[in-house]
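Participant: Here is my input, please return the structure:
(chains A, B, C and D)
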Protein chains: 2
Amino acid sequence: MNIGEVAKRSGLPAKTIRYYEDIGFVTPARGDNGYRSFGEKELHKLTFLGRARGLGFSIEDCRTLMALYEDQGRASADVKRVAQRNLSEIDAKIADLQAMRGTLSHLVANCAGDGRPDCPILEDLGRG
Amino acid sequence: MNIGEVAKRSGLPAKTIRYYEDIGFVTPARGDNGYRSFGEKELHKLTFLGRARGLGFSIEDCRTLMALYEDQGRASADVKRVAQRNLSEIDAKIADLQAMRGTLSHLVANCAGDGRPDCPILEDLGRG
DNA sequence: CTTGACCCTCCAGCGGCTGGAACCTTTATA
DNA sequence: TATAAAGGTTCCAGCCGCTGGAGGGTCAAG
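Facilitator: Here you go, the predicted structure:
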């Protein structure tokens, strides 16, 4: 399987797949023409990776998860720990964004948004 | 005022202030010793900037907001437009994160997290 | 034999800083 | 007065996770 098909089937851009090879995530074989040649296993890995990234896991987390995935004797506790840490990071980000959102939506709501120069948004930002 | 004091009073790291000078946000005078010399106006600008960044505005948005702030005849509509766009970007990010959070917390909740290898988190990620 | 789709490598850049090296200046202390 | 600590300077590199583009090679169809 060439990179184009793997890209299609995994949902990852070819560029990203090459990058994942660079950082040692997959090591596809090479044909005589120099083209990468992927098997089902590599495709599966990449799909796993794409999903994990989609759930907000960092590349390093993915490395850990991948290793656990391939270790038949792993303890689910190890996986859960990684996932829970990710979950709290996500929660922290959501909280940050919601705090921003609160302030900003308040300001937006109070701004006339017309041709006059008076603007509570700028007033707030400029409060020294 | 040297950079250290501006850093303290604006809440921004000195490094960041130097960076903001690099990208043309402030242009402090220089003393004979080469040290940056900030006035109240620069401090105020930096504080504005810090607040705007804290509300999630991009550097480019900040540039726009700063210009509007300094333009006494601006229309509040122009400011509001920028703020609203930022608000929808924040909303989009929150929605993304909440989708992740939903899936992930579901998986975490269903993972025993003990010494056994069975793990719905990995199972889900590996679903080809 | 050419066209066009695919593949390759390598380098640069995104945003917004941040760390560190290597150096100079000012201030406080012994 | 010597010196050490605390501040300032520049410049270059790196963070994350890709992404774009240049400049090429390869392959299948017409």
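Participant: can you give me the helices for chain A?
Facilitator: Counting by DSSP state H, one finds helices in chain A at the ranges A:3-10, A:14-22, A:40-54, A:59-70, A:76-109, A:120-126.
Participant: Point me to the residue of chain A nearest DNA strand C.
Facilitator: Of all residues in chain A, A:Gly4 sits closest to DNA strand C, at 2.6 Å by CB to the nearest atom of the strand. C-beta coordinates here come from the backbone N, C-alpha and C atoms, glycine included.
Participant: So for the closest residue to that residue other than its chain neighbours, what pLDDT did the model give?
Facilitator: Take A:Gly4 and drop its neighbours on the chain: the residue closest to it by CB to CB, 6 or more residues apart in numbering or on different chains is A:Ala14, 6.3 Å away. pLDDT for A:Ala14: 98.
Participant: right, and A:Ala14 touches A:Ile3 too?
Facilitator: Yes - A:Ala14 lies in contact with A:Ile3 (CB atoms under 8 Å); the separation is 4.8 Å.
Participant: Hmm, A:Leu104 is touching B:Leu87, no?
Facilitator: Yes - counting by CB under 8 Å, B:Leu87 is a contact partner of A:Leu104 at 5.4 Å.
Participant: Please name the residues that touch A:Ala7.
Facilitator: By CB atoms under 8 Å, 6 or more residues apart in numbering or on different chains, A:Ala7 lies in contact with A:13-14, A:17.
Participant: who wins for most neighbours among those residues?
Facilitator: A:Ile17 (25 neighbours; other CB atoms under 10 Å in any protein chain shown).
Participant: Now do the phi/psi pair for the most far-flung residue of chain A relative to its centre.
Facilitator: Distance from the C-alpha centroid of chain A peaks at A:Arg116, with 42.2 Å (CA atoms, centre = their mean). When read as degrees, to the nearest 10, the backbone of A:Arg116 gives phi -80, psi 160.
Participant: need the contact list for it.
Facilitator: B:75-76.
Participant: ok, now with 6 Å
Facilitator: Listed by CB atoms under 6 Å, 6 or more residues apart in numbering or on different chains, the contact set of A:Arg116 reads B:Ser76.
Participant: any idea how far B:Phe57 is from the closest residue to A:Asp61 other than its chain neighbours?
Facilitator: In this structure, A:Asp61 finds its nearest non-sequential neighbour in A:Val82, 5.6 Å apart by CB to CB, 6+ apart. Going from A:Val82 to B:Phe57 by CB to CB, to the nearest Å gives 33 Å.
Participant: Who has more neighbours out of the two?
Facilitator: For A:Val82 versus B:Phe57, neighbours defined as other CB under 10 Å are more numerous around B:Phe57 (23 against 20).
Participant: Which residue is the nearest non-sequential neighbour of that one?
Facilitator: B:Asn86 (5.5 Å).
Participant: Kindly reformat the helices of chain A as a markdown table containing distance to DNA strand D.
Facilitator: Output for the helices of chain A, formatted as a markdown table (distance: least, CB to the nearest atom of the strand, whole Å):
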| stretch | distance to DNA strand D |
| --- | --- |
| helix A:3-10 | 10 |
| helix A:14-22 | 4 |
| helix A:40-54 | 5 |
| helix A:59-70 | 3 |
| helix A:76-109 | 11 |
| helix A:120-126 | 24 |
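Participant: and these as TSV, adding distance to B:Gly24?
Facilitator: Shown next, in TSV, are those (distance: least, CB to CB, whole Å):
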stretch	distance to B:Gly24
helix A:3-10	40
helix A:14-22	32
helix A:40-54	35
helix A:59-70	33
helix A:76-109	25
helix A:120-126	19
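Participant: For B:Ala92, find the nearest of those helices.
Facilitator: helix A:76-109 (9.9 Å; CB to CB).
Participant: Report the angle between that closest one and helix B:76-109.
Facilitator: Angle of helix A:76-109 versus helix B:76-109, following axes from the mean of the first three to the mean of the last three CA atoms, to 10 degrees, is 160 degrees.
Participant: now the angle from helix A:76-109 to helix A:59-70?
Facilitator: 150 degrees.
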